[in-house]
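In: Return atomic coordinates for the entry below.
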Amino acid sequence: MVTCLQLNLLPLALEELRKDPFAEGDMYVGDLLMTVLREAKTPKAELKRIVATAIARLGELDDVDREELEPRLRQAYERL
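Out: As a prediction, the model looks like this:
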């Protein structure tokens, strides 16, 4: 079953994530990426590049956000 996210929102989300892997929705820094990783049927190579960029840029985040996101990003990278 193809969801609304996959048809309409995923291309927009990926475009935003290519520019800023830490793009925020309403919840927390990086929540868009976490949602795409959890919900989308995106080619793994594309997501792995975005996650690798996010990991490389973790130093740009404040300590709280970095501590929250780093383990989740590394786990996601390993799964991809």
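
In: measure the most centrally placed residue in the chain to residue 51 for me?
Out: Closest residue to the average C-alpha location of the chain: residue 33 at 2.0 Å, with CA atoms, centre = their mean. According to CB to CB, to the nearest Å, residue 33 stands 7 Å off from residue 51. Glycine gets a C-beta too; all of them are placed from N, C-alpha and C.

In: Can I get the lengthiest helix in the chain in CSV, CA atoms only?
Out: When secondary structure is assigned using DSSP state H, the longest helix within the chain turns out to be helix 63-79. Backbone C-alpha positions of helix 63-79 (Å, rounded to 0.1, in the frame of the first residue of the first chain) are rendered in CSV as follows:
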residue,chain,number,x,y,z
ASP,A,63,25.2,19.0,23.3
VAL,A,64,21.6,18.0,24.1
ASP,A,65,20.6,17.5,20.5
ARG,A,66,23.8,15.7,19.6
GLU,A,67,23.5,13.3,22.5
GLU,A,68,19.9,12.6,21.5
LEU,A,69,20.5,12.1,17.8
GLU,A,70,24.0,10.5,17.6
PRO,A,71,23.1,7.0,18.8
ARG,A,72,19.9,6.9,16.7
LEU,A,73,21.8,8.1,13.6
ARG,A,74,24.6,5.6,14.0
GLN,A,75,22.1,2.8,14.6
ALA,A,76,20.1,3.8,11.5
TYR,A,77,23.3,3.9,9.4
GLU,A,78,24.2,0.4,10.5
ARG,A,79,20.7,-0.9,9.6
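
In: buried residues in that helix?
Out: By neighbour count with 16 or more other CB atoms under 10 Å, helix 63-79 contains the buried residues 65, 69, 73, 76-77.
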